[in-house]
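1. My questions concern the predicted model and sequence given below.
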Amino acid sequence: SFKALHDCCEPSMFSLDRLVLSVVSDPRATLDGLLRARQLVLQVVEKEKRLRAQLAEIGLEASERLSTPDSHRKKKSRFIEDEEENVCEMCRQNLYVSLVTNSQEEAVYCLDHALVFLSKNPSHLEFCKLMYT
């Protein structure tokens, strides 16, 4: 159902990637829960590797690590402040693992749509940055 929402550009209520990564990083997770989540985590990792490599191939070099919402709970992090804005301009999906920002257009893209955008507009490479958790 998440793929169907993504394909029709319907905004999701939450990030499936975030849910899966939260399950596997929770110290209270059961072995059964970890085994069920394993394939989804492997898919997230492989997709991230593939898309980040493709973005690097077309020339996107700038990157920055974002703090996760769970780190520094008392201290407001940049991720928490911008959490509502971490939605792809094209597919309207919540972005948790990574995103690409375009400072000139003040836009945020998922890696798939950043690849499409930057392939068509290579002059924007200097204004774009890969942000990841």
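-> Done, it's in.

2. Could I get the full set of strands for this protein?
-> Ranges of strands within the chain are 63-65, 98-102, 107-109, 128-132, based on DSSP state E.

3. so who does the most centrally placed residue in the chain touch?
-> With distances taken as C-alpha atoms, centre = their mean, residue 98 lies nearest the centre of the chain, 2.8 Å away. By C-beta atoms under 8 Å, 6 or more residues apart in numbering, the residues touching residue 98 are 48, 52, 111, 130-133. Just so you know, the C-beta spots here come from the backbone N, C-alpha and C atoms, and that holds for glycine as well.

4. Check residue 104 too.
-> 124, 127.

5. picking that back up, now neighbour count and pLDDT too, for the contacts of residue 98, in TSV please.
-> Compiled in TSV, those are given as follows (neighbours: other C-beta atoms under 10 Å; pLDDT from 0 to 100):
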residue	neighbour count	pLDDT
48	15	96
52	17	97
111	23	97
130	20	98
131	21	97
132	16	95
133	19	89
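
6. Redo those residues as TSV? Include distance to residue 120.
-> Output for those, formatted as TSV (distance: C-beta to C-beta, whole Å):
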residue	distance to residue 120
48	22
52	19
111	15
130	18
131	21
132	23
133	27
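
7. out of those residues, who's nearest residue 123?
-> For the contacts of residue 98, the residue nearest residue 123 by C-beta to C-beta is residue 130; the value is 17.6 Å.
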